[in-house]
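Peer 1: coordinates for the following, if possible.
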Amino acid sequence: MKWIRAMALCLALLTCLTIPAAWASETEEEDPLAQRLADAQNDIMMRKVGKYGMVPIYGRDVADGTYDVYVDSSSPYFHIAKATLTVEDGEMTARFTIPSMSYRYVYPGTKKEAANADPSTWIEFEEENGQTTFTFPVPALNAEVDCAAYSKGRRRWYSRTLVFDASSLPKEALAFDLPDYELIEDALRAYEVVGSEELRRQREAAAEALEAVTMDLPDGEYSIEVNMTGGSGRASISSPTLLIIRDGKAYARLIWSSVYYDYMILDADAYFYNLTEAGGPSSFEIPITALDEPIPVVADTTAMGDPVEIQYTLTFYAETVGDKGQIPQESAKLVLILAGAIILGGGVLNWFVKKKRRK
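Peer 2: From the prediction side, this is the model:
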């Protein structure tokens, strides 16, 4: 009877998962949680449109005519496959095609403005070969233009941003020559890379110049207890941690409980970068600048999306210096080695027993 009850439970769960999906297509309101998830996914997928330094170009500076125009969209869900721009007496409109039948209306504004607007102002789709076409007013080229799109399936408005790229028009269509925005962007990226590399070198130089405390121990590796305070309490540092004595100076190898820390700062301008490669908890080697007293540090985390610098204090306790084997990671290595030896030894013993039985 147990398997019958299990089958019934599986059927009930399957029904719960499939029936609401059918309801969603027939009702105006969607589950609030599903709405939030859909909005979050939409926001994550949004991207910046246009090119650095673009200046709006209005209809008065474009010759009358009809031209193919490239349209940059902020959403991959609202990809514009092709578009034509019509200019007449300084007024511009674009007829663009979405390669799907997902949208019923568009509106020249945000999703909130569209929802509050008179429905007669909504721009309805036209179908062409299984694709959706809209005729949309264009206030300016090379400028971010708000475009709300109404999803047929979800029955809700979404905000999109479009840029109608003037550089895709013939040169004779414009009253003046355009700057080479691609060249500007390439130069800007190159400058940012060079600038960031130089800044990193300066920060690493400051880190190398930071003085570590002297400890009366032979050069080598030990363990030391470290206490961390500050932050939200959700991240921690493994303790005891690895203590490295190099030329009589003390350094610590810190291992975080999180993979999202990318650098630590000591003494305002000394930066130490994550040493862990190919995943795994973030790790840093820093000089121990004081013993038995709090050391203020800053650690940068990307766990919340945008980088956030968080203030902590670290206290290293001199009397807790011990053998390297006390470090949790080292203990784990010994356990794995021991387990491997036991398994190997058991396999060899089993082989000899079987061989003896066959004789």
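
Peer 1: now do the same contact list for the residue nearest to the spatial centre of the chain.
Peer 2: Taking C-alpha atoms, centre = their mean, the centroid of the chain lies closest to Gly305, which sits 5.8 Å from it. If you count contacts by C-beta atoms under 8 Å, 6 or more residues apart in numbering, Gly305 has none. For glycine as for every other residue, the C-beta is placed from the backbone atoms N, C-alpha and C.

Peer 1: and the gap between it and Tyr260?
Peer 2: 10 Å (C-beta to C-beta, to the nearest Å).

Peer 1: let me know the secondary structure of the residue nearest to the centre of the chain.
Peer 2: In three-state terms, and counting by DSSP: H, G, I helix; E, B strand; the rest coil, Gly305 is coil.

Peer 1: quick one: it from Asn227, how far?
Peer 2: 29 Å.

Peer 1: all strands for the stretch 101-250 of the chain, in order.
Peer 2: 103-107, 123-124, 126-128, 131-137, 145-151, 156-165, 220-224, 226-230, 241-246, 249-255 (DSSP state E, counting those that start in this stretch).

Peer 1: got CSV for the ones you listed, with distance to Asn274, mean pLDDT and mean neighbour count too?
Peer 2: Shown next, in CSV, are the strands of the stretch 101-250 of the chain (distance: least, C-beta to C-beta, whole Å; pLDDT from 0 to 100; neighbours: other C-beta atoms under 10 Å):
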stretch, distance to Asn274, mean pLDDT, mean neighbour count
strand 103-107, 43, 96, 20
strand 123-124, 50, 96, 16
strand 126-128, 52, 91, 10
strand 131-137, 46, 96, 17
strand 145-151, 40, 96, 22
strand 156-165, 34, 94, 22
strand 220-224, 20, 95, 18
strand 226-230, 17, 94, 16
strand 241-246, 15, 96, 19
strand 249-255, 10, 96, 19
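
Peer 1: mind putting these into JSON lines with distance to Ser74?
Peer 2: Shown next, in JSON lines, are those (distance: least, C-beta to C-beta, whole Å):
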{"stretch": "strand 103-107", "distance to Ser74": "14"}
{"stretch": "strand 123-124", "distance to Ser74": "18"}
{"stretch": "strand 126-128", "distance to Ser74": "23"}
{"stretch": "strand 131-137", "distance to Ser74": "15"}
{"stretch": "strand 145-151", "distance to Ser74": "9"}
{"stretch": "strand 156-165", "distance to Ser74": "4"}
{"stretch": "strand 220-224", "distance to Ser74": "51"}
{"stretch": "strand 226-230", "distance to Ser74": "38"}
{"stretch": "strand 241-246", "distance to Ser74": "45"}
{"stretch": "strand 249-255", "distance to Ser74": "40"}
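
Peer 1: which stretches of the stretch 251-359 of the chain form strands?
Peer 2: Remark: strands assigned in the stretch 251-359 of the chain by DSSP E, counting those that start in this stretch are 261-266, 270-273, 283-287, 295-301, 308-316.

Peer 1: quick one: mean pLDDT for the second one?
Peer 2: Going back to what we said before, that points to strand 270-273. Throughout strand 270-273, pLDDT has a mean value of 93.

Peer 1: straight-line length of stretch 290-307, end to end?
Peer 2: With C-alpha to C-alpha, to the nearest Å as the measure, stretch 290-307 spans 28 Å from end to end.

Peer 1: tell me the spacing between the closest residue to Trp256 other than its chain neighbours and Phe96.
Peer 2: Leaving aside its chain neighbours, Trp256 sits nearest to Ser282 (4.4 Å; criterion: C-beta to C-beta, 6 or more residues apart in numbering). With distances taken as C-beta to C-beta, Ser282 is found 45 Å from Phe96.

Peer 1: go on, Asp267?
Peer 2: As judged by C-beta to C-beta, Asp267 and Phe96 stand 55 Å apart.

Peer 1: the two: which is more packed in?
Peer 2: Phe96 (24 against 15; other C-beta atoms under 10 Å).

Peer 1: convert stretch 169-183 to CSV, retaining C-alpha atoms only.
Peer 2: The C-alpha coordinates for stretch 169-183 follow below in CSV (Å, rounded to 0.1, in the frame of the first residue of the first chain):
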residue,chain,number,x,y,z
LEU,A,169,22.2,55.5,-41.8
PRO,A,170,23.9,56.6,-45.0
LYS,A,171,26.3,59.6,-44.5
GLU,A,172,24.3,61.8,-46.9
ALA,A,173,21.2,61.4,-44.7
LEU,A,174,22.8,63.4,-41.9
ALA,A,175,23.5,67.1,-41.8
PHE,A,176,26.9,66.6,-40.3
ASP,A,177,29.6,63.9,-39.8
LEU,A,178,29.5,61.7,-36.7
PRO,A,179,32.4,61.0,-34.4
ASP,A,180,33.8,57.5,-34.6
TYR,A,181,32.1,56.2,-31.4
GLU,A,182,33.7,52.7,-31.8
LEU,A,183,37.1,54.3,-31.8
